[in-house]
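Novice: Kindly generate the corresponding structure for this input.
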Amino acid sequence: MRLIGADGENVGVVSTEEAMRLAREAELDLVEVAPNADPPVCRVMDFGKFVYERAKKEREARRAQTKIEVKEIRLRPKTNEHHRDLKVRDARRWLEAGMKVKVRVRFRGREITYPEIALNDLKEIAEELSEISIVEQTPALEGRTMLMILAPGKTAKKKES
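Specialist: Below is the predicted model:
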């Protein structure tokens, strides 16, 4: 196995017994760091410290991740202009905060026979919000609903956690 010493210097290729002896002399542990390498790489180090630092890095990585929230506005083909403008204002606020917005138009009864009304509404909403968002999923009919997803554009600022 290839051995890396306690202070980080490369000892070279040694037998397992020799590596164990060096680790005991240094009063540290022999840790296999690259088992798939040829030959495998081992290091003389404090294993408890190694585990602690690895867990610390994982916690930092989790903290650095951003969770993207998805908000939804629901409309109907008969939704009047004023009500739709209120919903679009909410969507604008959410997009500026860095959230995605799902725009859903639900059909009830025979409204499903006129999907072009909902398609026009969704296109108008996408156009109104085009300066701060991009259309991530174009309007598509799924069962009795038509759905479109808007994502924040480049100018939207990210949400402070």
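
Novice: This protein: strands as residue ranges?
Specialist: In the chain, the strands defined using DSSP state E lie at 2-4, 10-13, 29-34, 41-45, 70-75, 100-106, 133-142, 145-152.

Novice: okay if I get those strands as TSV plus mean neighbour count and distance to residue 55?
Specialist: In this view, the C-beta of every residue, glycine as well, is placed from N, C-alpha and C. Shown next, in TSV, are the strands of the chain (neighbours: other C-beta atoms under 10 Å; distance: least, C-beta to C-beta, whole Å):
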stretch	mean neighbour count	distance to residue 55
strand 2-4	20	21
strand 10-13	12	27
strand 29-34	15	15
strand 41-45	21	15
strand 70-75	15	31
strand 100-106	21	32
strand 133-142	15	35
strand 145-152	20	33
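
Novice: just so I know, which of these lies nearest residue 119?
Specialist: Evaluated over these, closeness to residue 119 peaks at strand 133-142, with 5.6 Å, by C-beta to C-beta.

Novice: quick one on the thing from earlier: make a markdown table out of the strands of the chain and add mean pLDDT.
Specialist: Converted to a markdown table, the strands of the chain look like this (pLDDT from 0 to 100):
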| stretch | mean pLDDT |
| --- | --- |
| strand 2-4 | 89 |
| strand 10-13 | 87 |
| strand 29-34 | 87 |
| strand 41-45 | 90 |
| strand 70-75 | 92 |
| strand 100-106 | 93 |
| strand 133-142 | 91 |
| strand 145-152 | 93 |
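
Novice: mind giving me CSV with these and columns for distance to residue 120?
Specialist: Converted to CSV, the strands of the chain look like this (distance: least, C-beta to C-beta, whole Å):
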stretch, distance to residue 120
strand 2-4, 67
strand 10-13, 69
strand 29-34, 60
strand 41-45, 63
strand 70-75, 12
strand 100-106, 10
strand 133-142, 10
strand 145-152, 11
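
Novice: Residue 21: which of the ones you listed is closest?
Specialist: strand 29-34 (9.7 Å).

Novice: And the closest one, what does it pack against?
Specialist: Under the contact criterion of 3 or more C-beta pairs under 8 Å, 6 or more residues apart in numbering; DSSP states H and E, strand 29-34 touches helix 16-25, strand 41-45, helix 47-64.

Novice: try 10 Å this time
Specialist: In terms of contacts (3 or more C-beta pairs under 10 Å, 6 or more residues apart in numbering; DSSP states H and E), strand 29-34 is packed against strand 2-4, helix 16-25, strand 41-45, helix 47-64.
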